[in-house]
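1. give the three-dimensional model of this entry:
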Amino acid sequence: MSEPADLAGWMAAAQGGDRGAYDRLLHTIEPLVLRFLRRRVSSDDVARDICQEVLLTVHRARHTYEPSRPFEPWLYSIARSRLIDHLRRERRVTFFEVAADRLPEVAGGLDEPLDANVEAALSALPPAQREAFVMLKIEGLSTKEAAERVGVGVSALKVRAHRAYVSLRRALGAGGSDESP
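-> Modelled structure (predicted):
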């Protein structure tokens, strides 16, 4: 194990362009950071991911280290900061997740025929708009999947679908707003 002076010295040398010192520094601090993170997160994979973020931050911020000061507090403040970032992201994702007893059904086509008015309104659409509407709203494809199927960009498919929505709203008497449903 390296002495604290080695870490500070290697960092100072790395700031001066010494690649060997920088390599020794990174190989030495990685297990230290991993041990710090493993005590604070439940998964080894998560600890390794955060460790990589720490090493990237050390690389990006290496110019901010002052060689006259101890290296470890600088390193562990970066590690704590990346850990907090991870925990905040995790909390945000968990906060917005909704547990469901039953998964929603995925659109896979219609089980019953369309209303005659809807059928007529769909038939009146230009073919490209009708195709976009059917793929997105009836077949349940994502915009990316639908765009790939017809060989256009995602933006072009969205424009077609938006125009179809507006036309259908007008035809069905639901108002002529230009906003998407």
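
2. mind checking how far stretch 145-164 is from the chain centre?
-> Centre-to-centre, stretch 145-164 and its host chain are 23 Å apart (C-alpha atoms, centre = their mean, to the nearest Å).

3. list the buried residues of it.
-> 146-147, 152, 157-158, 160-164 (16 or more other C-beta atoms under 10 Å). All C-beta spots, glycine's among them, are computed from the backbone N, C-alpha and C.

4. stretch 32-48 now?
-> Applying 16+ other C-beta under 10 Å to stretch 32-48 flags 32-34, 36-38, 41, 46-47 as buried.

5. most widely separated two among those?
-> Leu32 and Val46 (17.3 Å; C-beta to C-beta).

6. contact partners for Cys51?
-> 30, 33-34, 37 (C-beta atoms under 8 Å, 6 or more residues apart in numbering).

7. what's the answer for Arg82, then?
-> Contacts of Arg82 (C-beta under 8 Å, 6+ apart): 50, 53-54, 57.

8. His59: what secondary structure?
-> helix (DSSP: H, G, I helix; E, B strand; the rest coil).

9. run a quick neighbour tally on it.
-> 11 (other C-beta atoms under 10 Å).

10. any idea how this protein splits into domains?
-> The chain resolves into domains spanning 4-96, 116-171 when parsed by automatic domain parsing.

11. show me what the helix or strand hosting Ala128 is packed up against.
-> Taking DSSP states H and E as the definition, one finds Ala128 inside helix 127-133. The contact analysis (3 or more C-beta pairs under 8 Å, 6 or more residues apart in numbering; DSSP states H and E) places helix 127-133 against helix 116-124, helix 143-150, helix 154-171.

12. and that helix, which residues are buried?
-> 128-133.

13. closest to Glu90 out of the residues you listed?
-> Of these, the one sitting nearest to Glu90 (C-beta to C-beta) turns out to be Ala132, at 36.7 Å.

14. if we can go back for a sec, closest one of the buried residues of helix 127-133 to Ser81?
-> Ala132 (45.1 Å).
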